[in-house]
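1. structure, please.
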Amino acid sequence: MKNLLILLVAVTMICAVLPTAFAQKQKIDPRFFPLDQVKPGMKGVAKTIFQGDKPQEFGFEVLGVIDGYPNPKQQTILMKLTGPLTDRTGVFAGMSGSPAYIDGKLVGAVAYAFPFSKEPIGGITPIEQMVEIFENHSADAAPSTTAEAHKKYSFKDLAAVDVNSTTQLPEPALNSTTIGAEYGNVPSMAPYIGQTLKPIATPLSFVGITPEALKQFWPELQAYGLMPVAANSGSAKITPLKPATNDTLAPGASISVQLVRGDYTLDAQGTVTWRDGDKIYAFGHPFLGVGSSDMPMAEADVVTVVPSINNSFKLGRATNLVGTISQDRATGVYGKLGQAPKMIPVTVNITTSNKAVESYHYEMMSDPFLTPLLMNITLMSSITRTERGLGDSTLELSGKILVHGQDPVVLENRFSGRSTAPGLTTLAATRPLDLLMNSGFKDANIDNIEINIMSNDGRNNGTLDRLWIDKTEVKRGQTIELQAFARDDEGKEFVQRIPIEIPKDVPAGKLSILVCDGSTMDTLEQRLIQSPLLNPQSTADLVHALNNRRKNDRLYVMLLRSDDGAIINNQQLPDLPPSVLATLNSTRTSGGFTPVSLASALQIELPPAKFVISGQRVITIDVNK
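-> Numbering: from 1, shown residues only. Model prediction:
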């Protein structure tokens, strides 16, 4: 009886466990080969496109399974490619995502390789991990910006144009696939180059991009595992979304991420791992690791695979836009057919020094980090392709960035110098775009960008030489005439007459009149009067601030007076009573305010000069009651 009771309890427990175990087993798609059944010595087939648009098969043999790579709780299947096709090329850039099958069931995506390996040994990302990560991250979720809302800016921040800086790209989600790059600053690790399993490089085809633009901006894209290759069949046309068929992006087909298309083309290529209805899984490793995204997904064909001792690569081009890549994570990318991505149309008009007009039309993907960089690359290419990239030149920038539901951001500036004008002009046009897209305001959506650049050979600079004023003693409310004298590069003198009405509420005493260029004014305003940072509370506030940036081709006037004030909570409070200042400076109080010894009584922006002007001068007058 006792034994019978024990048997009944055991049967009950087994019956309780079996449904759970069966349910767990059922979680694995029957079309997938279970990872826990992968054993060394197993053989299978994989497929990718070597030429044209039809996938071809090649073999592989399982060498083992690596636990904890590329991330904890993840696994990679180590394998060796076999067959005449891969004997010729080895593991090559562009085959990331190639579907691998055992016994006719999908086991995963070819995604990793050993640099300099004498045999085609690589790694497969299990399909179970690819599907699981996108299910856990809501694969169809809309992209979101990682920028903080309500950023604070000074006018110097808004106008920052540094020829050695491009944009604020985040740190790469994966190490660079440039061979040995991760050991560049660790000489003791040099002997181990090539002994690290790395994501297969992603070939990035480009059309119309000049060597000058690539030289300046390519390192940032290369840090993300992108490998530059020349395009083969011209630029990708701006076409509408193509309806999907049963053959669209089938497993083993080439997939293209169209970063830019039109007169300029930048598209990255990989391979489709699995299609489930309208869902597409590809790459097997991060593309750029941006998480939620809105990247154009297109079909692609292949001219050939170029064998190389350094790194063989696929040479191909994008064809038809068919959907959107909405996720880019640790085990690959996820896209959806029939879903159109957000694209930003761009028009660039260059008026050359010979008065000819060249126009470029293209569109870019919309992404807070990549779009400003892509704008840098394409605009620099437009300038250096049409006009000189070296030597003396003067470039006048105008145009607008259309923000949905807002006033346009007006682009207006001028740059002149030896070899620096193209880079400074490019960054001046791109900086507002960068600030808008990374502002944190969800309604800061860019509808269109139009940029006009007028080019002239030679430098056209001027320097503020001296000031003259008709009165040194004035009364409040009185108008005086200030004259600013400037000289150009040839020594020719120019004079600008500036009427100034002394404010009626200015205190009696010394009043300094500062005249300087826009960049100097930005710096001095922060240093001398410690003006509060701009703190836009909406997209409209930011647009307004961008439209009030100071420019390089005109002078600015500021009236400065002594002041016993303070900046509290980003608000400037002038002429505070001694009792208030005493309280702020009390030993019981620390922080929370910034004392101010100078205050701005008036600011004037003068009309544009005939040249880019620099310099500063100060003249002091006495204000009587």
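2. helix or strand next in line after the host helix or strand of V45, which one?
-> According to DSSP states H and E, V45 maps onto strand 43-48. Per DSSP H and E, strand 43-48 leads on to strand 56-67 as the next helix or strand towards the C-terminus.
3. follow-up on the earlier one: how about the strand holding V45: buried residues?
-> Neighbour-count burial for strand 43-48 flags 44, 46-48 (criterion: 16 or more other CB atoms under 10 Å). Bear in mind the C-beta positions are built from the backbone N, C-alpha and C, glycine included.
4. next, the angle strand 56-67 makes with that strand.
-> 120 degrees (axes from the mean of the first three to the mean of the last three CA atoms, to 10 degrees).
5. then strand 43-48 to CSV, C-alphas only?
-> What follows is strand 43-48, C-alpha atoms only, in CSV (Å, rounded to 0.1, in the frame of the first residue of the first chain):
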residue,chain,number,x,y,z
LYS,A,43,27.8,19.3,-41.2
GLY,A,44,25.4,21.7,-42.8
VAL,A,45,24.9,24.1,-45.6
ALA,A,46,24.6,27.9,-45.7
LYS,A,47,23.8,30.3,-48.4
THR,A,48,24.5,33.8,-49.6
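6. contacts for it?
-> Residues outside strand 43-48 that contact it (CB atoms under 8 Å, 6 or more residues apart in numbering) are 55-62, 81-82, 94-95, 98-103, 107, 110, 251-252, 254, 271.
7. stretch 357-365 now?
-> 208, 238, 258-265, 294-296, 341-352, 371, 374-375, 378, 382, 386.
8. just the buried subset of these, please.
-> Using 16+ other CB under 10 Å, the buried members of these are 208, 258-265, 294-296, 341, 343-352, 371, 374-375, 378, 382, 386.
9. can you list which of the residues you listed are found in helices?
-> Under the assignment DSSP state H, the buried ones among the contacts of stretch 357-365 contribute 371, 374-375, 378, 382, 386 to helices.
10. among the residues you listed, which pair sits farthest apart?
-> For these, the maximum inter-member distance is 22.3 Å, found between T371 and T386 (CB to CB).
11. how far away is I344 from G122?
-> Here the criterion is CB to CB, to the nearest Å. By it, I344 lies 37 Å from G122.
12. my bad, P203
-> As judged by CB to CB, P203 and G122 stand 16 Å apart.
13. neighbour count: the two, which is higher?
-> Neighbour comparison, P203 and G122: the larger count goes to G122, with 29 against 24 (by other CB atoms under 10 Å).
14. which residues does the host helix or strand of the more buried one contact?
-> Element membership of G122 [criterion: DSSP H and E] is strand 121-126. Under the criterion CB under 8 Å, 6+ apart, residues 35, 60, 63, 66, 69, 75-81, 91, 100, 107-114, 197, 200, 284-285, 331-332 lie in contact with strand 121-126.
15. relative to strand 43-48, how tilted is it?
-> Using the same axes, to 10 degrees: strand 121-126 against strand 43-48 is 90 degrees.
16. ok now strand 121-126, how far from the chain's centre?
-> Once both centres are worked out by CA atoms, centre = their mean, to the nearest Å, strand 121-126 turns out to sit 30 Å from its chain's centre.
17. what comes up buried for it?
-> Buried residues in strand 121-126 (16+ other CB under 10 Å): 121-126.
18. where does the prediction get shaky in this protein?
-> 1-27, 136-195, 224-225, 230-235, 388-391, 527-534, 562-598 (pLDDT under 70).
19. just send the ones in helices among the buried ones among the contacts of stretch 357-365 back as a markdown table, with distance to L511 too.
-> Shown next, in a markdown table, are these (distance: CB to CB, whole Å):
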| residue | distance to L511 |
| --- | --- |
| T371 | 46 |
| L374 | 49 |
| M375 | 44 |
| T378 | 48 |
| S382 | 47 |
| T386 | 48 |
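20. neighbours around P55, how many?
-> Residue neighbour count, defined by other CB under 10 Å, stands at 20 for P55.
21. give me the phi and psi for the nearest residue to S439 once chain neighbours are set aside.
-> Nearest non-adjacent residue to S439, counting by CB to CB, 6 or more residues apart in numbering: L542, 5.5 Å away. When read as degrees, to the nearest 10, the backbone of L542 gives phi -70, psi -40.
22. burial of L542, as a residue count?
-> A count of nearby residues for L542, using other CB under 10 Å, gives 26.
23. pull the contacting residues for it.
-> Residues near L542 by CB under 8 Å, 6+ apart: 435-436, 439, 441, 444, 536.
24. so how far is L221 from the nearest residue to I238 once chain neighbours are set aside?
-> Nearest non-adjacent residue to I238, counting by CB to CB, 6+ apart: G262, 5.1 Å away. Computed with CB to CB, the distance linking G262 and L221 is 19 Å.
25. what helix or strand is G41 located in?
-> In this assignment (DSSP H and E), G41 forms part of neither any helix nor any strand.
26. wait, it touches V62, no?
-> Yes. Contact status for G41 versus V62: in contact at 6.5 Å, counting by CB atoms under 8 Å.
27. more neighbours: these two, which one.
-> A count of neighbours by other CB under 10 Å puts V62 above the other of G41 and V62, at 20 against 8.
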